[in-house]
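*Asks:* Give me the fold of what follows.
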Amino acid sequence: MAEPQQQLPPGWIAEWDASNQRYLFIESATGRAQWENPADGGPAGSPPPTTGSPPLATHHAKRRQYAAGQTQAYYGSSDGLAAPVYNGPGSQLGQVPSSGAGGGQLFTPGLVAENQFASQQQQQQQPGAQPYYGQPEPDYINGPQYTQQPAAYGQQPPAGPGGQVGALADQFGQMGMGGAGGQKPFQIYTTNLLTSPPDPRELARPPPEIRLPPGASVSPSPHANAPYQDQRCTVNAIPTTNSLLSKSKIPLGLVITPYRSLKEGEEPVPVVTDTVIARCRRCRTYINPYCQFIDGGNRWRCCMCSMSNEVPQLFDWDQARNQPGDRWARAELNHGVVEYVAPTEYMVRPPQPAVYVFLIDVSHSAVQSGMVATATRTILENLDRLPNEDERTKVAIIGFDTSLYFFSMPPNTTDSTMLVVSDIDDVFLPKPTDLLVNLTEARQSLESLLGRLNDMFQENHTLGSALGPALQAGFKLMAPIGGKIVVLSSTLPSIGPGSLKNREDPKILGTSKESGLLQAASPFYKTFAIECSRAQVSVDMFLFSAAYQDVATLACLPHYTSGQTYFYPAFNAARAEDAVKFAHEFGEVLAMPIMLEAVMRVRASRGLRMASFHGNFFVRSTDLLAMPAVPQDTSYAIEVQIEETLTAPFVVLQTAVLHTTCYGERRIRVITLALPTTSNLSEVYASADQVAIATLLANKAVERSITHKMEDAREAVFAKLVEILQSYKTSMTAAGTGASAQLAICDNLKMLPVLILGLLKNVGIRQSAQIPPDLRAYAQALLTSLPSELLIPYIHPNFYSLHDMPPEAGTVGEQGVIMPPPLPLTSERLVRHGLFLIEDGQTMFLFVGRDAVPQLIADVFNLPGYEALRGGKTTLPLLDNPFSQRVNAIIQKTREMRHGVYYPHLYVVKEDGEPPLRLWAMSALIQDRADVLPSYQQYIGQLKDKTNGASSY
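*Replies:* This is a model prediction of the structure:
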């Protein structure tokens, strides 16, 4: 290949970029960089200035017209001059020359100065309103030297008046926003796991930054890439070949949370309301900040398949004001996550209303435990929170024991009639109307029924459960519309279709046959779930049994219909804590705005393919995921395969969810993530996201424990970690293939071993002969559906010392209540006179040392001393002393700080209290040795031996 230097126009130089294996062309005068060779007619530096006002649009009636004043951001200045460059002599960043022509004149996209559109895309200039989007970078991202910014691809840093601007442009480059700074390579820092113990604070840090090449995005917006909370990849620099990925041993996958709930202060997803949706004709990708505009802005090139597409006619029209709009203000060009209001061609039928059918177990045990009373009271209290803005929401209530109890609720009366169906082998609806009623119209009769329901069955002595027939009845009621079935069940289904037997056998717990208990016992639930999925019906399960309930089989329904399973073992509403937890979680589920009749597809740049899918949905075709309802804060993991060599400098992964909001509007949520490609193994490691890797491995481990054996799942996860460590040692350290005294890993993966240890010790896949199958199955349901924010504490709990916490902990700061610093998860940190909090997002333990001073017990529990304290579930009193208020504030913040509906129980654990409770609390300290499971030190020793080739595990 000829040196490009020989063919370059005057004033241009070419620099070889090793990380992208291609030349970068730099204009000496301005320091502006681009990938295209200017000799090939690519974007040139400054087009020749034109004089006078821009050509009037009247000469070209067929072209689209824009008001000159509104389109400065589109083309730079309206007098046809080149867009401002970052470090031209004396220029200010983002300064736009004043318009030469009158503001009201119109001009035509195709007729502006030649190549100006493309050069403006390369330069990433922005309107002068906000000169710099740079949020300060956390100093741990690039290690100690992060402040020493390299010159742009071998050039001297610009001096003189433009120097400061050049430095800003350099920071743009670091943030993956183009500019003259170029793409800064990752620096890799190696850590020895034998000498650096895990620091829990590492887990609160964001993943390695995404460093896109200059000019990747058409927008300088900091929101152009999807936030990692919505979509994160296991590596933030994608290997260009499958062999390089195989060499790194890091699994390539995406973790997607398409529908996060919004906490106070969080920005809602921007909505495009004009129903103008630009999509690629070939691969159907939605337009996004990583597409390129060509042909003077009349066409756009798809960032996935390079197809050239027409820009839609109304793309630059502001329909609200009925005047030309500013293209660069459109949400889809500035945000990685947007939601479109869909036009009618995205609908098979008019948007469905939200439908809720409650199946309430009214058998003897359900009534006696207080479940029926708590559930009906919670529904009654939350009727106003049910999504019903358009007043179309429909509700039905069906009770069941060994018979089915339907309730007819005529509109505008307070009467309701109970209709009993005892024939459970051939379920029918006893009445064609008034069983599924409009919430607004039948509000009075519904409220009256909910107030009386518990009393109606107070004397019910029937044992047994016809859950299968009840599900069929609920399905018949709502199949024409779709919606959500909410099941509240206290007993094992015993009669009719879907009846189950107690298969809990203590003798096979902990053996190779245990995985059989985690598979569905009856095919009814899977086949019924697929029927539900086809009819857009989702099922949520609330399970309350004191005895075996076969959670593994019942959780099939939520699994294939994109619902959720909630489990309250040995529920008893007489204990206030049980009633509060269930009422809070059930109330949050009822109030949750859900996406109905949804389908999800993930598209990726050429060369990448979605290989396998994990989570609660049904795979309808090769890559179309059917979700009758998408609950908030639920996560899905997708493994990605590299099928052919990636030649582009970056790739794009786009998730699209077509759904109906519960307010009756058809919408498309689009999440776009752009990641740079690399042929450098060290960059693959330096960009790896340990939280995403742990989330993906948790999903894979659960799947393997069901399809194979529990032991296989544990071994596969451990072997994957050993492979990563071996590959890192061989490729990245001086030891190579020989034995090493160190156990090396890159700094950004140093918490991965302890996360994997936490996963191996989690109830879902832990080696033990003591874990009931119901608890195991529920833990597995959580492992495959929790978003990373909730999953990480679930496998790596938080551990705080409260008796000696810093004075500001528990008080209110800028970010809300200040939490104490987290401690390593080892009992070495426990002291006999101390008070400690251990929490995993599902349960909280307040550990009290036996030598705790009476004053501490009095301040927190309002009791005279340690002897008077009782262990178990509790509600802390809020006392009139600062320490009590701070401890209560920390517990409240722990319950509220994460997204999701979960309301953890608080248990008081006395150091010399009940052994089962103490052992349960201590099992959260995953760095200790427990039962047959190793301590962190032993585990790191095993990893070192395996990595060096020894065979002891």
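*Asks:* ok, the nearest residue to L608 once chain neighbours are set aside - contacts?
*Replies:* Closest residue to L608 apart from its sequence neighbours, by CB to CB, 6 or more residues apart in numbering: V640 at 5.6 Å. In this view, the C-beta of every residue, glycine as well, is placed from N, C-alpha and C. Residues in contact with V640, defined by CB atoms under 8 Å, 6 or more residues apart in numbering, are 233, 252-254, 604, 608-611, 653.
*Asks:* any chance of the residues you listed in TSV, with pLDDT too?
*Replies:* Listed next are those as TSV, based on pLDDT from 0 to 100:
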residue	pLDDT
C233	94
L252	94
G253	94
L254	94
A604	93
L608	93
R609	92
M610	92
A611	91
L653	94
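*Asks:* Would you show me how to pick out the buried ones of the residues you listed in ChimeraX?
*Replies:* Selection of the buried residues among those in ChimeraX, burial being defined by 16 or more other CB atoms under 10 Å:
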select :233,252,253,254,604,608,610,653
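*Asks:* residue closest to the middle of this structure?
*Replies:* With distances taken as CA atoms, centre = their mean, the residue of the chain nearest its centroid is T257 (2.9 Å).
*Asks:* ok, now how distant is that residue from V337?
*Replies:* 11 Å (CB to CB, to the nearest Å).
*Asks:* can you list residues touching both of these two?
*Replies:* Common neighbours of T257 and V337 (CB under 8 Å, 6+ apart) are D230.
*Asks:* What is the burial count for the closest residue to S248 other than its chain neighbours?
*Replies:* Nearest in space to S248, with sequence neighbours left out and distances taken as CB to CB, 6+ apart, is V684 at 4.7 Å. V684 has 26 neighbours, counted by other CB atoms under 10 Å.
*Asks:* V684 is in what secondary structure piece?
*Replies:* If you go by DSSP states H and E, V684 is part of helix 681-686.
*Asks:* just checking, what packs against that helix?
*Replies:* When contacts are defined as 3 or more CB pairs under 8 Å, 6 or more residues apart in numbering; DSSP states H and E, helix 681-686 packs onto helix 242-248, helix 710-732.
*Asks:* buried ones in the last one?
*Replies:* Meaning helix 710-732. Neighbour-count burial for helix 710-732 [16+ other CB under 10 Å]: 710-711, 713-714, 717-718, 720-729, 731-732.
*Asks:* just checking, next helix/strand downstream of it?
*Replies:* Taking DSSP H and E, what comes next after helix 710-732 is strand 744-746.
*Asks:* circling back: out of the helices and strands packed on helix 681-686, nearest to T417?
*Replies:* T417 lies closest, by CB to CB, to one member of the helices and strands packed on helix 681-686: helix 710-732, at 50.5 Å.
*Asks:* Roughly how far does P469 sit from R766?
*Replies:* 36 Å.
*Asks:* When those two are compared, which one has more neighbours?
*Replies:* Set P469 next to R766 and count neighbours by other CB under 10 Å: P469 wins out with 26 against 21.
*Asks:* What's the separation between that one and D434?
*Replies:* 21 Å.
*Asks:* Tell me if I'm right that the residue nearest to S248 and N236 touch.
*Replies:* No. Applying CB atoms under 8 Å as the test, V684 and N236 come out as separate, 9.4 Å apart.
*Asks:* Map the structural domains onto the sequence of this protein.
*Replies:* What the TED database lists as the domains of the chain is 1-36, 355-593, 797-925.
*Asks:* Pipe those into TSV and attach mean pLDDT per row.
*Replies:* As requested, the domains of the chain are arranged in TSV below (pLDDT from 0 to 100):
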stretch	mean pLDDT
domain 1-36	71
domain 355-593	89
domain 797-925	91
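*Asks:* Out of the ones you listed, which gets nearest to T191?
*Replies:* It's domain 797-925; of those, that one is closest to T191 (CB to CB) at 15.7 Å.
*Asks:* Would you mind measuring the gap between the ends of the closest one?
*Replies:* 8 Å (CA to CA, to the nearest Å).
*Asks:* And that domain, how far out from the chain middle?
*Replies:* With CA atoms, centre = their mean, to the nearest Å as the basis, domain 797-925 stands 29 Å off its chain's centre.
*Asks:* Same question for stretch 483-492.
*Replies:* On CA atoms, centre = their mean, the centre of stretch 483-492 falls 26 Å from the chain's centre.
*Asks:* cool, stretch 231-245 as well?
*Replies:* 19 Å.
*Asks:* Keeping just the C-alphas, turn it into CSV.
*Replies:* Provided in CSV are the C-alpha atoms of stretch 231-245 (Å, rounded to 0.1, in the frame of the first residue of the first chain):
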residue,chain,number,x,y,z
GLN,A,231,-27.6,-1.3,29.0
ARG,A,232,-24.1,-2.4,29.8
CYS,A,233,-21.7,-4.7,28.0
THR,A,234,-19.2,-7.1,29.6
VAL,A,235,-16.4,-5.2,27.8
ASN,A,236,-16.4,-1.6,26.8
ALA,A,237,-14.0,-2.1,23.9
ILE,A,238,-15.1,-4.9,21.6
PRO,A,239,-12.4,-7.3,20.2
THR,A,240,-12.2,-7.1,16.4
THR,A,241,-12.0,-10.9,16.0
ASN,A,242,-13.5,-13.9,17.7
SER,A,243,-10.0,-15.3,18.2
LEU,A,244,-9.0,-12.3,20.2
LEU,A,245,-12.2,-12.6,22.3
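*Asks:* Please identify the buried residues of that stretch?
*Replies:* In stretch 231-245, counting by 16+ other CB under 10 Å, buried: 231-240, 242, 244-245.
*Asks:* and the residues you listed as JSON lines, adding secondary structure?
*Replies:* Shown next, in JSON lines, are the buried residues of stretch 231-245 (DSSP: H, G, I helix; E, B strand; the rest coil):
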{"residue": "Q231", "secondary structure": "strand"}
{"residue": "R232", "secondary structure": "strand"}
{"residue": "C233", "secondary structure": "strand"}
{"residue": "T234", "secondary structure": "coil"}
{"residue": "V235", "secondary structure": "strand"}
{"residue": "N236", "secondary structure": "coil"}
{"residue": "A237", "secondary structure": "coil"}
{"residue": "I238", "secondary structure": "strand"}
{"residue": "P239", "secondary structure": "strand"}
{"residue": "T240", "secondary structure": "coil"}
{"residue": "N242", "secondary structure": "helix"}
{"residue": "L244", "secondary structure": "helix"}
{"residue": "L245", "secondary structure": "helix"}
